[in-house]
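Engineer: Quick check, what structure comes out for this input:
(one chain, ligands or ions: 1)
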Amino acid sequence: MKGFDFDFDFIKITATDVVDIFLVAMLIYYVYSLIKNTLAVNLLLGMFMILIFWFMVDKLNMNMLSTIIKKFMDVGIIALIIIFQPEIRRFLLLIGKNTFLQKNKAWWGYLFGTKNIEVNNLIRIRPIIEACKSMKKSRTGALIVFVKYYDDQLFANSCETIDSRISKRLLESIFQKNSPLHDGAVVISENKIKSASCILPLTDNDTLPPQFGLRHRAGIGISENTDAVAVIVSEETGEIAYAKQGRVRMNVSFGELEKLLNKDF
Ligand SMILES: Nc1ncnc2c1ncn2[C@@H]1O[C@H](COP(=O)(O)OP(=O)(O)OP(=O)(O)O)[C@@H](O)[C@H]1O
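Structural biologist: Just a heads-up that it's a prediction; the model follows:
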């Protein structure tokens with residue numbers, strides 16, 4: 001290891017330090033990209049202010065105040081886990097999704113057959129794209145959520161179970177204005193339309209444009225809290241929006257939609 005060491009007398013940087021700094025920089029970048037534009041930024045700023053205040057109080061030897069803040073900080077890690085639960089969950093999902101095996105699709109192709117995956121994707125995605133095209137034309141509002149792992153608990157309360165093959169006509173009839181199931185979201189998972197009429201958690205992101213109503217807020221909300229992506233067809237404009245990890249892409253073309261779903265679903 002000696003060959004990698006730089007000794008500037010006052011500062012000694014080893015190869016391990018360089019790797020350490022690199023990893024911390026990556027960690028900060030990942031955390032930043034996860035919490036950007038969310039309420040978590042304000043929470044983090046609040047905690048940072050408390051830390052600075054604590055540091056000052058400690059330096060000024062204000063023992064009582066310092067002890068109170070210290071007691072608060074002692075349980076801080078548990079509070080942090082509770083407050084940042086959605087972000088921690090998303091962070092772990094992000095790491096899982098970016099691991100070597102997941103990223104290197106060639107390995108998946110080799111192990112499970114790329115052709116099959118592509119063919120399956122087309123079978124799943126085409127009817128959805130066709131349904132979106134027709135709903136855009138007829139200005140039918142729709143919210144379709146794609147989840148990798150269907151969480152019964154998350155969808156148990158409000159949803160109507162469908163458990164059917166994905167079909168254009170079924171999607172159209174669910175969202176048709178007179179259908180009893182048209183309110184709420186359709187959830188697609190494991191190659192099936194799992195449920196309809198689902199009430200989803202709304203995002204509390206206050207930086208979203210004011211024209212975003214409940215449908216968009218519900219689509220963004222579910223993508224914030226889980227690994228789900230959501231396709232939203234606006235009833236007002238017919239515009240297609242795509243929500244992922246709490247962020248929304250507006251005015252998505254059908255070509256783009258196909259690519260996005262192929263990648264994420
Ligand atoms: N929590 C929820 N979960 C799922 N769907 C919801 C939820 N709240 C509202 N919706 C759906 O959104 C519809 C109302 O949409 P709203 O007009 O507020 O949305 P919007 O984002 O402005 O979209 P649009 O452009 O289609 O009007 C409801 O009829 C219902 O189907």
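
Engineer: how near is residue 161 to residue 228?
Structural biologist: Per C-beta to C-beta, to the nearest Å, residue 161 is found 18 Å from residue 228. C-beta coordinates here come from the backbone N, C-alpha and C atoms, glycine included.

Engineer: Check residue 165 too.
Structural biologist: 20 Å.

Engineer: Excluding chain neighbours, what is closest to the residue of the stretch 1-150 of the chain found nearest the ligand?
Structural biologist: The minimum distance from the stretch 1-150 of the chain to the ligand, using C-beta to the nearest ligand atom, falls at residue 141 (3.7 Å). Leaving aside its sequence neighbours, residue 141 sits nearest to residue 235 (C-beta to C-beta, 6 or more residues apart in numbering; 3.0 Å).

Engineer: rewinding a little: out of residue 165 and residue 228, which sits in the more crowded spot?
Structural biologist: residue 228 (27 against 12; other C-beta atoms under 10 Å).

Engineer: what number of residues lie near residue 185?
Structural biologist: 28.

Engineer: Just confirm it contacts residue 201, I think it does.
Structural biologist: No. Contact criterion C-beta atoms under 8 Å: residue 185 and residue 201 do not qualify, at 10.9 Å.

Engineer: For the ligand, what's the nearest residue on the stretch 101-250 of the chain?
Structural biologist: Closest point on the stretch 101-250 of the chain to the ligand, by C-beta to the nearest ligand atom, is residue 213, at 2.3 Å.

Engineer: picking up where we left off before, surely the residue nearest to residue 141 is in a strand?
Structural biologist: No. Counting by DSSP: H, G, I helix; E, B strand; the rest coil, residue 235 falls outside a strand, being coil.
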